[in-house]
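Enquirer: one predicted model, sequence on top.
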Amino acid sequence: MRKIVSLLLIPIFSVAQTYDVLFIGNSYIYYNDLPIMLDDLANSLGDDINFEQSTPGGETLQGHSTYPLTINKINQTNWDYVILQGQSQRSALSPAYVSTNVTPFAQQLVNMIESNSSCSEPLFFMTWGRKYGDQSYCSFYPPVCTFDGMQARLRDSYLNYGFNNSATISPVGIAWKRSMNQNSTINLYRNDNSHPSERGTYLTACTFYATIFKKSPIGASFKPAGMSQSAATFLQTIAHEVVLDSLATWNIFNADFEYTIVNTPSPTIYFNNLSSNYENLIWSFGDGTTSTSSNPTHQYSSPGNYTVTLTIYNNSGCLVDSISQNIDIIFTNINEIHQNQEVLIESDLLGRKNANSKIILMLDEKGIKTKKIQLID
């Protein structure tokens with residue numbers, strides 16, 4: 001089962017993790033045994049998944065919503081992640097078609113998952129477009145006539161499923177698109193130009209690993225027999241870049257923030273919350289004060305180095321993530337008051353009169369006079 005893990009400062013995530021994962025889908029999952037490949041990949045990186053699956057060939061989300069095996073699997077245990085993969089063509093069709101024939105059943109399945117356990121995270125498997133588009137629907141809906149057009153529709157549909165249901169999306173199709181754009185010699189498809197080759201399933205496994213564990217698959221020792229190390233590293237890198245560079249894009253649970261310091265007149269810190277897919281949060285400013293505002297503003301009463309921590313919660317508090325950053329607060333005690341400057345005497349550094357330098361009298365905030373030697377260009 002998932003353990004509550006607190007991640008500090010972009011920890012390149014070294015803590016070993018184990019998750020219980022249920023795969024719901026069809027042949028896009030069972031070809032090349034995706035769950036086993038993901039488990040092998042995770043094991044090689046020191047992590048683990050315990051998995052079950054309900055993946056009858058060609059099944060839709062609508063079919064799964066009433067399929068006894070799927071319903072029984074959902075209720076089998078308190079899953080950490082339940083992966084939902086729709087039939088490969090339906091989510092690429094028109095928005096009107098998808099809203100009627102796919103979206104309601106995605107919602108039904110999410111409701112079942114959450115009814116079984118509020119701690120479970122639904123995870124939508126964004127599939128890939130067919131290599132040459134979907135020719136069977138091309139004449140009815142031209143956007144699917146090409147891979148790019150079909151992939152664009154799949155992207156939009158799966159993002160809607162995820163964000164509308166406060167669920168995670170694994171951007172597998174986007175990883176496939178980037179892989180093909182960067183190296184078309186690595187064939188991700190079987191001969192039918194739809195189902196995944198072994199390399200396609202490996203890229204899918206790498207993408208799921210990065211999504212679920214929020215860790216990079218780069219450096220994993222596991223790769224299918226016969227796959228070159230260069231191909232494996234390339235596919236690992238694609239998954240890393242697509243997922244971990246854009247966590248918020250895929251609504252992946254993650255704590256993140258940035259800040260701006262404005263010295264007017266004492267340092268004021270403006271925090272910008274960049275976290276994604278969370279329910280609640282709390283800020284700790286390192287000076288004993290906290291806030292539950294999404295984007296708070298904070299002032300410190302004294303200078304120093306403060307550790308600011310943002311902690312977020314999701315799934316009824318079952319998921320916890322945090323990030324910390326150190327902030328140096330410096331107060332400026334003496335401000336130069338230009339209107340009260342007074343030239344005492346023009347002199348050099350030894351006190352001799354010199355037209356190339358002068359001593360300026362200044363008043364600080366308390367009215368105390370100070371001197372400054374200024375060279376004249």
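Expert: Thanks, I have the structure now.

Enquirer: ramachandran angles for residue 197?
Expert: phi -70, psi 180 (degrees, to the nearest 10).

Enquirer: nope, residue 46 is what I meant
Expert: phi 90, psi 10.

Enquirer: how distant is stretch 252-260 from the center of its chain?
Expert: For stretch 252-260, the separation from the chain centroid amounts to 10 Å (computed by C-alpha atoms, centre = their mean, to the nearest Å).

Enquirer: quick one: end-to-end distance for that stretch.
Expert: Its start and end residues considered, stretch 252-260 measures 25 Å (C-alpha to C-alpha, to the nearest Å).

Enquirer: which positions within that stretch qualify as buried?
Expert: 252-257 (16 or more other C-beta atoms under 10 Å). In this view, the C-beta of every residue, glycine as well, is placed from N, C-alpha and C.

Enquirer: what is the nearest of those residues to residue 115?
Expert: The nearest member of these to residue 115, counting by C-beta to C-beta, is residue 253 at 20.2 Å.

Enquirer: got a pLDDT number for the nearest residue to the closest one once chain neighbours are set aside?
Expert: Once flanking residues are discounted, residue 253 sits nearest to residue 277: 4.5 Å by C-beta to C-beta, 6 or more residues apart in numbering. Model confidence at residue 277, given as pLDDT, is 97.

Enquirer: and residue 263, by the same measure?
Expert: 81.

Enquirer: okay, and the beta partners of it?
Expert: Bridge pairing for residue 263 (DSSP bridges) gives the partners residue 267.

Enquirer: list the buried residues of the helix ranked longest in the chain.
Expert: Criterion DSSP state H: the longest helix present in the chain is helix 147-164. Under the neighbour-count criterion of 16+ other C-beta under 10 Å, helix 147-164 has 147, 149-155, 157-162 buried.

Enquirer: domains of the protein?
Expert: Annotated domains of the chain cover 18-244, 257-329, 338-375 [automatic domain parsing].

Enquirer: ok, the residue nearest to residue 253 touching residue 315?
Expert: No: in this structure, residue 277 is not within contact of residue 315 by C-beta atoms under 8 Å, at 9.6 Å.

Enquirer: what's the spacing between residue 302 and residue 266?
Expert: Applying C-beta to C-beta, to the nearest Å, the value for residue 302 to residue 266 is 10 Å.

Enquirer: immediately after the helix or strand hosting residue 113, which helix or strand?
Expert: In the assignment (DSSP states H and E), residue 113 maps to helix 103-116. Using DSSP H and E, the next helix or strand after helix 103-116 towards the C-terminus is strand 121-125.

Enquirer: that older thread, return the backbone torsion pair for the residue nearest to residue 253.
Expert: Backbone dihedrals for residue 277, given as degrees, to the nearest 10, come out at phi 50, psi 60.

Enquirer: ok, now which ones touch it?
Expert: Neighbouring residues of residue 277 by C-beta atoms under 8 Å, 6 or more residues apart in numbering: 166-168, 251-254, 314.

Enquirer: let's see 7 Å
Expert: Residues in contact with residue 277 (C-beta atoms under 7 Å, 6 or more residues apart in numbering) are 166, 168, 251-253, 314.
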